[in-house]
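Q: Provided below are the primary sequence and the corresponding predicted coordinates.
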Amino acid sequence: MRVRDLAAIGLTKAQNLDIYRWVGRRLAGQVVVREASEEDVQAIYELWAGESFHVASSEKSPKLTYWVGMIRDNYAGFVELVRNPLESSWGGYWLYGLWVRRSWRGLGLGEKLVRAVVERSCIEGSEKLDLMVYEDNAGAVSLYHKLGFVHITFPEIEPQLLSEQQTSGRRRLVMRKWLGKN
């Protein structure tokens, strides 16, 4: 195992400790979440294209809104809100592509990014917000549960999810937050 791999494992273990989160939030400075400009989206796309990160599109679309998370003027996270036509099987509002740079995890940035998507969805009058997450991504599943998302079965896309699981060996869950009173 390479030193870099060992360091990543050690960092992940440390990020699960309450003391890491407490100290890290004080040392990280102010975490800023803001709607992304086109330049931000392009920078994110270029920075993280080689990592397990995906931006739905680097071009501006009325059905997409992006947010960036900044720590000390560094890009540290990203999330998308995707609005699909209600008549499609993926209809409605979807939180997509939540990603926090490994070195900044555990500092509350993911929570702030998700809250930005929830807030905008509420403002726009959506009754619900859906997302998909790999069931083995315990940190993300825990965050979503903490923020009021629950696992649901989505019959229209269940065949696709089962097919993905057979191909990749990983299962994605659909989670939903009912909006209105947050």
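A: Yep, that arrived.

Q: Can you get me a residue count around Leu98?
A: Residues near Leu98, counting by other C-beta atoms under 10 Å, number 22. Using the backbone N, CA and C atoms, a C-beta is placed for each residue, glycine as well.

Q: What of Glu119?
A: Neighbourhood size, Glu119 [other C-beta under 10 Å]: 12.

Q: Quick check: longest strand in the chain by residues?
A: strand 74-84 (DSSP state E).

Q: Which strands border that strand, and is each parallel or antiparallel?
A: Under the criterion DSSP bridges, strand 74-84 sits next to strand 64-71 (antiparallel), strand 92-100 (antiparallel) in its sheet.

Q: Can you tell me the closest non-neighbouring residue to the spatially most central residue of the chain?
A: Centroid-nearest residue in the chain: Leu98, 1.6 Å away (criterion: C-alpha atoms, centre = their mean). Nearest non-adjacent residue to Leu98, counting by C-beta to C-beta, 6 or more residues apart in numbering: Val79, 4.6 Å away.

Q: what do you get for Ala43?
A: Per C-beta to C-beta, 6+ apart, closest to Ala43 is Tyr75, 6.5 Å.

Q: Low-confidence regions, this protein specifically.
A: 1, 3-29, 49-60, 181-182 (pLDDT under 70).

Q: what are the ranges of the helices in it?
A: 3-15, 18-27, 38-48, 109-123, 138-146, 158-168 (DSSP state H).

Q: The fourth one to strand 64-71, inter-axis angle?
A: What that stands for is helix 109-123. In terms of direction (axes from the mean of the first three to the mean of the last three C-alpha atoms, to 10 degrees), helix 109-123 departs from strand 64-71 by 150 degrees.

Q: Please identify the buried residues of helix 109-123?
A: Across helix 109-123, burial judged by 16 or more other C-beta atoms under 10 Å covers 109-118, 120-122.

Q: In PDB, could you pull the C-alpha coordinates for that helix?
A: Output in PDB follows, covering the C-alpha atoms of helix 109-123 (Å, rounded to 0.1, in the frame of the first residue of the first chain):
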ATOM      1  CA  LEU A 109     -19.600  21.900   4.200                       C
ATOM      2  CA  GLY A 110     -21.700  19.000   2.900                       C
ATOM      3  CA  GLU A 111     -24.600  20.000   5.200                       C
ATOM      4  CA  LYS A 112     -24.500  23.600   4.100                       C
ATOM      5  CA  LEU A 113     -24.500  22.600   0.500                       C
ATOM      6  CA  VAL A 114     -27.500  20.300   0.900                       C
ATOM      7  CA  ARG A 115     -29.300  23.000   2.900                       C
ATOM      8  CA  ALA A 116     -28.800  25.500   0.000                       C
ATOM      9  CA  VAL A 117     -30.500  23.000  -2.400                       C
ATOM     10  CA  VAL A 118     -33.300  22.400   0.100                       C
ATOM     11  CA  GLU A 119     -33.900  26.100   0.600                       C
ATOM     12  CA  ARG A 120     -34.000  26.900  -3.100                       C
ATOM     13  CA  SER A 121     -36.400  23.900  -3.800                       C
ATOM     14  CA  CYS A 122     -38.700  25.300  -1.100                       C
ATOM     15  CA  ILE A 123     -38.600  28.800  -2.400                       C
END
